[in-house]
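Asks: Need coordinates for the below:
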Amino acid sequence: MSDFPFTALRRRPDIEADNLFAYDATDRLLLDTMVEHLPASGGVAVVGDTHGALTLGAQHRGARKVHVHQDPITSERALDANAALLGLSGEYAFHALGPDLFDGATLVLLQLPRSLEALEEIAWHIAAAASPNVTVLAGGRVKHMTPAMNQILGRYFGAVTAGLARQKSRVLTATGALPVGACPFPTTAEYDVGLPRPLQLRACGGTFGGAKLDPGTRLLLQHLHHAPPAASAVDLGCGNGTIAAYLALTRPALQVTATDTSAAAVAATRATAEANGVSGQVAVVREDGLSGRSDAGDELIVLNPPFHSGHTVHAGIALKLFAEAGRALRPGGELWAVWNSHLHYRQALERLVGPTRQVARDPRFTVTVSTRTR
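Replies: Coordinates of the predicted model:
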């Protein structure tokens with residue numbers, strides 16, 4: 001069998017940079033490890049494939065009709081683009097994190113997620129829906145792996161073993177799915193944010209930050225009443241839906257569009273909107289930034305941007321979202337943003353959106369408003 005062309009893979013439409021890659025040593029190790037576990041019958045499921053290396057590599061090694069779950073929509077689109085590039089389209093299908101993904105699966109390839117909550121949600125779904133004799137190969141970079149990951153897998157599988165490290169990556173093998181109880185997700189929390197009732201938050205395992213109220217977002221909420229009147233607003237990168245729900249609760253006539261690349265964020269925001277009784281005001285969309293929005297059409301955009309890409313700290317995603325806001329805002333429209341003060345985003349906001357002023361600042365965070373003038 002010829003070698004799989006890893007170096008041909010691209011990240012697009014995800015951020016591309018010299019220190020960001022479309023595959024890593026964990027992908028290679030997982031694919032080499034899977035050879036001895038590839039089922040003669042039964043399905044293969046892939047979870048957490050960042051840009052297609054696992055799915056297409058498994059296909060290259062003989063897996064067919066692979067079920068795939070990728071939380072970011074950018075990962076789905078990168079997989080499709082790389083499949084077309086390599087002429088390997090049509091042998092996989094996307095699924096939500098749920099029973100259809102693991103139905104009949106006897107082998108699961110998993111890139112270990114950043115959070116333990118995300119890992120637990122994935123493990124619960126595998127144990128609940130996959131074949132009883134399923135083998136889970138869960139790989140990660142050694143520096144990001146912890147004993148807690150073994151413990152979580154041990155709650156749902158009878159045997160968990162660690163393979164030898166190679167190129168600073170390691171694979172955990174889990175077998176013997178155990179009976180499961182009720183799914184522990186979504187998680188719930190409530191917070192006093194100055195409203196008549198506590199703000200209800202919901203989160204899936206893979207929702208960044210869980211059901212917590214981010215301290216930067218809390219600072220932003222304290223000043224959003226200064227935002228101008230508007231008929232509609234966009235919560236860009238909605239996460240667990242805090243901003244979208246708050247806007248809807250404080251402005252009953254406002255129509256809010258909440259958008260995020262993450263399937264877990266979209267599910268959490270819908271649950272948060274429902275918990276706060278504002279589902280009718282909040283439309284939730286899984287999308288890459290504002291790529292589904294027209295030019296110069298939005299009055300108000302609110303954003304708490306990420307400052308990482310996977311495990312890598314990188315400003316590229318925030319800059320991309322600033323540029324998207326600058327494109328989507330109508331002249332006179334405003335971008336309200338909160339960001340870690342040490343990142344010094346003001347110059348970028350001035351360049352990509354328009355004149356920017358500081359609204360608030362505390363020891364960690366800065367709130368700004370940028371106005372599109374052209």
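Asks: The stretch 151-300 of the chain: strands as residue ranges?
Replies: 157-162, 169-177, 187-191, 199-203, 232-236, 255-260, 282-286, 298-303 (DSSP state E, counting those that start in this stretch).
Asks: how about the helices in the stretch 51-200 of the chain?
Replies: 53-60, 73-86, 99-102, 116-129, 147-156 (DSSP state H, counting those that start in this stretch).
Asks: same question for the shortest one, mean pLDDT?
Replies: Same thing as helix 99-102. Mean pLDDT, helix 99-102: 97.
Asks: which helices and strands does that helix pack with?
Replies: strand 43-47, strand 66-69, helix 116-129 (3 or more C-beta pairs under 8 Å, 6 or more residues apart in numbering; DSSP states H and E). Heads up, the C-betas are built off the backbone N, CA and C, glycines and all.
Asks: and among these, the most buried is which?
Replies: Highest mean neighbour count among the helices and strands packed on helix 99-102 (mean count of other C-beta atoms under 10 Å): strand 43-47, with a mean of 26.
Asks: List the strands paired with it, with their directions.
Replies: Taking DSSP bridges as the criterion, strand 43-47 forms sheet pairs with strand 66-69 (parallel), strand 105-111 (parallel).
Asks: Out of the ones you listed, which gets nearest to residue 18?
Replies: strand 105-111 (21.8 Å; C-beta to C-beta).
Asks: Only C-alpha atoms, please: export stretch 80-96 in CSV.
Replies: Once non-C-alpha atoms are left out, stretch 80-96 reads as follows in CSV (Å, rounded to 0.1, in the frame of the first residue of the first chain):
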residue,chain,number,x,y,z
ASP,A,80,-14.4,17.8,2.1
ALA,A,81,-11.8,20.0,0.4
ASN,A,82,-9.0,17.6,1.2
ALA,A,83,-11.1,14.6,0.1
ALA,A,84,-11.7,16.3,-3.3
LEU,A,85,-8.0,17.2,-3.6
LEU,A,86,-7.0,13.6,-3.0
GLY,A,87,-9.9,12.0,-5.0
LEU,A,88,-11.3,10.2,-1.9
SER,A,89,-14.7,11.8,-1.7
GLY,A,90,-17.9,9.7,-1.0
GLU,A,91,-16.7,7.2,1.5
TYR,A,92,-17.6,9.0,4.7
ALA,A,93,-20.7,10.7,6.2
PHE,A,94,-21.0,13.4,8.8
HIS,A,95,-23.1,12.8,11.9
ALA,A,96,-24.0,14.7,15.0
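Asks: and it, which residues are buried?
Replies: The neighbour-count check on stretch 80-96 (16 or more other C-beta atoms under 10 Å) flags 81-83, 85-86, 88, 92, 94-95 as buried.
Asks: Between all of those residues, which two are at the greatest distance?
Replies: Maximum pairwise distance in the buried residues of stretch 80-96, criterion C-beta to C-beta, is 22.8 Å, between 85 and 95.
Asks: Export the strands of the stretch 151-300 of the chain to JSON lines and append columns for mean neighbour count and distance to residue 245.
Replies: As requested, the strands of the stretch 151-300 of the chain are arranged in JSON lines below (neighbours: other C-beta atoms under 10 Å; distance: least, C-beta to C-beta, whole Å):
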{"stretch": "strand 157-162", "mean neighbour count": "14", "distance to residue 245": "36"}
{"stretch": "strand 169-177", "mean neighbour count": "20", "distance to residue 245": "36"}
{"stretch": "strand 187-191", "mean neighbour count": "15", "distance to residue 245": "11"}
{"stretch": "strand 199-203", "mean neighbour count": "24", "distance to residue 245": "6"}
{"stretch": "strand 232-236", "mean neighbour count": "25", "distance to residue 245": "9"}
{"stretch": "strand 255-260", "mean neighbour count": "24", "distance to residue 245": "8"}
{"stretch": "strand 282-286", "mean neighbour count": "20", "distance to residue 245": "7"}
{"stretch": "strand 298-303", "mean neighbour count": "24", "distance to residue 245": "12"}
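Asks: That concludes my questions; thank you for your assistance.
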